[in-house]
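**Q** please find the sequence and the predicted model below.
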Amino acid sequence: MGIPSRCSPLLIVSGAGKSSVCQALAGKIDEAVLLEGDIIWRPEFNQPDEGFRGFFEAWLRIAMNVGQSGRSVVLFGAGMGVPANMEPCLHRRYFSRLSYLALVCDDDLLAERLRARPEWRGCADSAFIAAHQQFNRWFREEGPTTVPGIDLRDTTGVSPEDTASQVAAWIRSQLRKDKA
């Protein structure tokens, strides 16, 4: 593969409600390509001892190639919303910058949302909920201090439509940074 001729930003949205927001924004953001991170998950990516590095590198390669079309990518995914997972990756160098946004909410609301998912997703288990609440708290407490920092949007008491509007505004503001 040759060296990419375009170097655009990669925007990453993580946290509680990211998939719903991605679906709500589909077809409404013309400035970027929106991709849901779970669509390429395969069992061979389940390598926690390696920090799931193969999964993150695969996504960076995909986003890099999509970016060659002249449109930036907004990637909606969980672990990729942690700068320590993405910044050291080999393919990170093909982006002008990575910008991170985490959707957070109160722990009780997060548990309620997880329990409301279809049963086949297996999200009602107390250990599953506790792990997601811990990740949600990590975003709230540590996210703004990471390098680069993670922008936060608290979705507690915010409608799904308003959350999608806030994420759309964040995407557009991030993309304007490169045009200024």
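**A** Okay, I see it.

**Q** and residue 179, how far from residue 64?
**A** According to CB to CB, to the nearest Å, residue 179 stands 20 Å off from residue 64. From N, CA and C alone the C-beta is placed, and that goes for glycine too.

**Q** okay, these two: which has more neighbours?
**A** Comparing residue 179 with residue 64 by other CB atoms under 10 Å, the one with more neighbours is residue 64, at 21 against 5.

**Q** so that one sits against residue 92, correct?
**A** No: if you go by CB atoms under 8 Å, residue 64 and residue 92 don't touch, sitting 9.5 Å apart.

**Q** would you check that residue 66 makes contact with residue 32?
**A** No: applying CB under 8 Å as the test, residue 66 and residue 32 come out as separate, 9.4 Å apart.

**Q** so what sits against both of the two?
**A** Residues touching both residue 66 and residue 32 by CB atoms under 8 Å, 6 or more residues apart in numbering: residue 73.

**Q** so those two - more neighbours on which side?
**A** In this view residue 66 and residue 32 are compared by other CB under 10 Å, and residue 32 has more residues nearby, 22 against 18.

**Q** show me what contacts that one?
**A** So residue 32 contacts 11, 71, 72, 73, 74, 171, 175 (CB under 8 Å, 6+ apart).

**Q** can you report how many residues lie near the third one?
**A** Meaning residue 72. Neighbours around residue 72, by other CB under 10 Å: 24.

**Q** now the strands for this protein?
**A** Assigned strands in the chain, in chain order: 10-15, 32-36, 72-76, 98-104, 150-154 (criterion: DSSP state E).

**Q** JSON lines for the ones you listed, including mean pLDDT and distance to residue 57?
**A** Below are those laid out as JSON lines (pLDDT from 0 to 100; distance: least, CB to CB, whole Å):
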{"stretch": "strand 10-15", "mean pLDDT": "97", "distance to residue 57": "13"}
{"stretch": "strand 32-36", "mean pLDDT": "96", "distance to residue 57": "15"}
{"stretch": "strand 72-76", "mean pLDDT": "96", "distance to residue 57": "13"}
{"stretch": "strand 98-104", "mean pLDDT": "97", "distance to residue 57": "14"}
{"stretch": "strand 150-154", "mean pLDDT": "97", "distance to residue 57": "21"}
